[in-house]
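[1] Here is my input, please return the structure:
(one chain, ligands or ions: 1)
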Amino acid sequence: MGAARIVAFTGAGISAESGIPAFRGPAGFWRNYPPEKLASPQALPSDPRLVWEWYDWRCQVIHKAEPNPGHRALAEIERRARDQFALVTQNVDGLHDRAGSYRIVKLHGDIWQVRCVVCGTEQRNEQVPLEPLPPRCSCGGLLRPAVVWFGKTLPAGAWEQAVEAAQRAEVFLVIGTSALVYPAAGLVQMARHSGARVAIVNPDPTPADELADWILRGQAGEILPRLL
Ligand code: OAD
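    Take a look at the predicted model:
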């Protein structure tokens, strides 16, 4: 990851054209679902079935979705640029993997992984729909999705890799993120302060725009293939 000259930093907007709602904005998840009731450490013990119904529904939406030309363009850039390219994503949907991206730093975890809250065992679970809800580990403990919840720190290894990539980048592409959620959004400042040129791909303004050398207004699925 470390020596990559081009780093792409993606958010939910890159999956919008695949039919997966983003978090903020009029059609965003958080418009209808309060995050503290569904995506916080307190939510699971207080109503595990509700939490899992929400994640199971999201898994069903994601399962039906396909990677779009934006995801595929990033996979193609990696194929051509090899270790000169790094991908850091806030997304948990796995569409970058399915598009063929290979080395992916997942800052917010992976919705297709589950972890036992008792014994800590982590495993892949791609069953859709998931039954019974809430799922349990073989030790009897409650399983949770292996994603980052509100108020919790990011996976240490992933964060270190992302910081290193941001600090070494020559070009830092900020794609489909509102750049509001920290610490992830702080990567844009880090890249900029370390000398990277910053390019934003987003149909709407974001707070990161003031750090940008280039602002490409539009949909990731239309703009990214043109960068090839
Ligand atoms: P947001 O929902 O906050 O922002 C999505 C961004 O994508 C917005 O700026 C949109 O303008 C933009 N967008 C929409 N359609 C687009 C398209 N076709 N092409 C390019 N951009 C498009 O999503 P994130 O920034 O990913 O955290 O949110 C960050 C974190 O907040 C998520 O990882 C999640 C959430 O709470 C956790 O779950 C820990």
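
[2] Residue of this structure closest to the ligand, please.
    The ligand sits closest to G13 of the chain, with a gap of 2.2 Å, by CB to the nearest ligand atom. (Glycine included, C-beta is placed from N, CA and C.)

[3] Distance of that residue relative to Y55?
    Computed with CB to CB, to the nearest Å, the distance linking G13 and Y55 is 21 Å.

[4] Now do the contacts for A99.
    Taking CB atoms under 8 Å, 6 or more residues apart in numbering, we find A99 in contact with 67, 71-72, 74-75.

[5] Now it: phi and psi?
    phi -80, psi -10 (degrees, to the nearest 10).

[6] Need the per-residue pLDDT for it.
    The model reports A99 with a pLDDT of 98.

[7] circling back to that earlier point, pull the most distant pair out of the contacts of A99.
    Greatest spacing in the contacts of A99, by CB to CB: P67 and L74 (9.5 Å).

[8] got any residues that touch both of those two?
    96, 99.

[9] Between these two, which has more neighbouring residues?
    L74 (30 against 23; other CB atoms under 10 Å).

[10] any idea what the more buried one is structurally, helix, strand or coil?
    What DSSP: H, G, I helix; E, B strand; the rest coil gives for L74 is helix.

[11] what does W112 give?
    Assignment for W112 (three-state DSSP): strand.
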